[in-house]
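Undergrad: Got a predicted structure plus its sequence, pasted below:
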Amino acid sequence: MTSQREAWVAELIELAGRDDRVLVLDGDLGTSTKASDFAAIYPGQFLQMGIAEQNLVGIAAGMASLGAVPWVATFGVFLTQRALDQVRMLVAQTGANVKFAGHYTGLLNGGSGKTHQDIEDLAILRAMPGMTVIVPADGAETRAAVRWAVEHTGPVYLRLARDSEKEVDTGGVLQPDHLVELRHGKDVTVISTGVQTARTVAALDLLADRGVSARHLHAAFLKPLSERTVVDAVGEATEVVTVEEHSVRGGLGGLVAEAIASIGRPIRVTRVGLADTWSESAPNDFLLDRYGLSPERVAERIQAAVGSPLGAAT
């Protein structure tokens, strides 16, 4: 399996060989983000900016104004927390053609703990006008997202996880405002995003053995993802479960709940993700289990939703 950071840099190396506008600006994390691999091959298209994320974003915006396609590479938490003012004012509000590679997002960041675990980034950037938000499932979809972002004019945030998950067959199609159907089913509709999609596939395999028939949709684009697309995808379902390695507030779950609220018929939305709490430093398996994101815990939440009458709490 190829990790998302490995896929990200591999695609950029390929693109940079054909397009010298493609640049990588690194925030002194090249060995972690794999940006150092890019620097080794294209030193003239790589800029080491040091631990100065606000300046990093500002310089990228300036380079974009001169026709470059700069990629800002750092941990997601530093983009959405430390450099948020520059992301908002210099990039999103001006429509600058800057691409953000937010690495080490979610829970699994190598044991750095709650200071580095960015579980609010989707809520922050989904609400920001002009920002495209892509959350790929695996390495293959990451490479497709990099290609799409370079061809697209305007700000893009690409959410990348540190560690690998099993690959997901998304059909090779990556397009905005679109949900990919991974599984047919009738008892419940499950919508997931990012690397959590692979764990959700595993959870639904467990449930299939228990007689639960689930429909599974994957969202690579969280923005744009229109209410109409979500409503059409949900169809006549009465039970919807969203699953994400992010806070249940403001991310995929919030997006789906907002869309379904516009329908005007009874549909229960169960949001699986981190509750309104800070996380902690621990091994990956422990964190996934503790915060309800392992396949077993996700299966339990989905089965509880299916087994409860509409209107009951889950």
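TA: Sure, I can see it.
Undergrad: so how far is stretch 279-288 from its chain's centroid?
TA: 19 Å (Cα atoms, centre = their mean, to the nearest Å).
Undergrad: which parts of it are buried?
TA: Within stretch 279-288, the residues that qualify as buried are S279, A282, L287, L288, counting by 16 or more other Cβ atoms under 10 Å. (C-beta placed from N, C-alpha, C; glycine too.)
Undergrad: any residues touching it, and which ones?
TA: Residues outside stretch 279-288 that contact it (Cβ atoms under 8 Å, 6 or more residues apart in numbering) are 107-108, 111-114, 117, 119, 163, 199, 290-291, 293-294, 297.
Undergrad: and the two most separated of those?
TA: Between any two of the contacts of stretch 279-288, the greatest separation by Cβ to Cβ is 22.5 Å, found for S112 and R297.
Undergrad: who's more crowded, these two?
TA: Between S112 and R297, R297 has the larger neighbour count (other Cβ atoms under 10 Å), namely 17 against 14.
Undergrad: my read: the more buried one touches A304, true?
TA: No. Using Cβ atoms under 8 Å, R297 is not in contact with A304; the gap is 10.8 Å.
Undergrad: Return the per-residue confidence for D163.
TA: D163 is assigned a pLDDT of 89 by the prediction.
Undergrad: Check the gap between the nearest residue to it once chain neighbours are set aside and S279 for me.
TA: Leaving aside its chain neighbours, D163 sits nearest to L108 (5.3 Å; criterion: Cβ to Cβ, 6 or more residues apart in numbering). According to Cβ to Cβ, to the nearest Å, L108 and S279 sit 10 Å apart.
Undergrad: Check L56 too.
TA: 26 Å.
Undergrad: same deal with A60?
TA: Using Cβ to Cβ, A60 is found at 29 Å from S279.
Undergrad: ditto for V146
TA: 28 Å.
Undergrad: Quick check: buried residues in the helix or strand encompassing A145?
TA: Here A145 sits within helix 139-151, counting by DSSP states H and E. The neighbour-count check on helix 139-151 (16+ other Cβ under 10 Å) flags G139, A140, E141, T142, R143, A144, A145, V146, W148, A149, V150 as buried.
Undergrad: And for stretch 37-51?
TA: For stretch 37-51, burial by neighbour count (16+ other Cβ under 10 Å) applies to D37, F38, A39, Y42, Q45, F46, L47, M49.
Undergrad: Serialize those to a markdown table and add fields for pLDDT and distance to L274.
TA: Shown next, in a markdown table, are those (pLDDT from 0 to 100; distance: Cβ to Cβ, whole Å):
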| residue | pLDDT | distance to L274 |
| --- | --- | --- |
| D37 | 97 | 31 |
| F38 | 98 | 32 |
| A39 | 97 | 34 |
| Y42 | 98 | 37 |
| Q45 | 97 | 37 |
| F46 | 97 | 34 |
| L47 | 96 | 34 |
| M49 | 94 | 31 |
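Undergrad: returning to what we had before: what does the helix holding A145 contact?
TA: Against helix 139-151 from outside (Cβ under 8 Å, 6+ apart): 1-4, 6-8, 10-12, 15, 19, 22, 69, 99, 132, 134, 136, 156, 158, 160, 164, 167-168, 170, 172, 174, 220.
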